[in-house]
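**Student:** Okay, sequence plus prediction incoming.
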Amino acid sequence: VAEVGNYPATFHVRDFLDCVKTRGVPKGNANAACNAHIACHAANVAVYLNRQVKYDIVKNEFIGDEQANRLRSEALREPWRL
């Protein structure tokens, strides 16, 4: 198996399976994954708008930027609401 960053490519799978057995917390936990995805989506919004944006990770919204905030998610289909 090829290595990436000194870890085998199967590292995350092994870590996850070990945590299932031990009830431990995986190194690549949900919060880390969520923050990584938010950073990627914020970068996509900045590229789409062709300008810098600032994101508040606590409020989960762009700071003072309604145009960017409208791009955070797609409109829900009727009759669904949040």
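**Tutor:** Received, thanks.
**Student:** so what secondary structure elements neighbour the helix or strand containing residue 47?
**Tutor:** Taking DSSP states H and E as the criterion, residue 47 maps to helix 30-49. Counting by 3 or more Cβ pairs under 8 Å, 6 or more residues apart in numbering; DSSP states H and E, the packing neighbours recorded for helix 30-49 are helix 66-70. Heads up, the C-betas are built off the backbone N, CA and C, glycines and all.
**Student:** elements contacting the helix it packs on?
**Tutor:** By 3+ Cβ pairs under 8 Å, 6+ apart, helix 66-70 packs against helix 30-49, strand 61-62.
**Student:** how about JSON lines for these, with distance to residue 15 and mean neighbour count added?
**Tutor:** JSON lines is the format used below for the helices and strands packed on helix 66-70 (distance: least, Cβ to Cβ, whole Å; neighbours: other Cβ atoms under 10 Å):
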{"stretch": "helix 30-49", "distance to residue 15": "12", "mean neighbour count": "12"}
{"stretch": "strand 61-62", "distance to residue 15": "32", "mean neighbour count": "18"}
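**Student:** Of all those, which one comes closest to residue 23?
**Tutor:** helix 30-49 (15.2 Å; Cβ to Cβ).
**Student:** Could you point out the helix or strand that follows that closest one?
**Tutor:** strand 55-56.
**Student:** ok, that next one: who's next to it in the sheet?
**Tutor:** strand 61-62 (antiparallel) (DSSP bridges).
**Student:** Without its sequence neighbours, what residue ends up closest to residue 24?
**Tutor:** Spatial nearest neighbour of residue 24, chain neighbours left out: residue 18 (6.9 Å); criterion: Cβ to Cβ, 6 or more residues apart in numbering.
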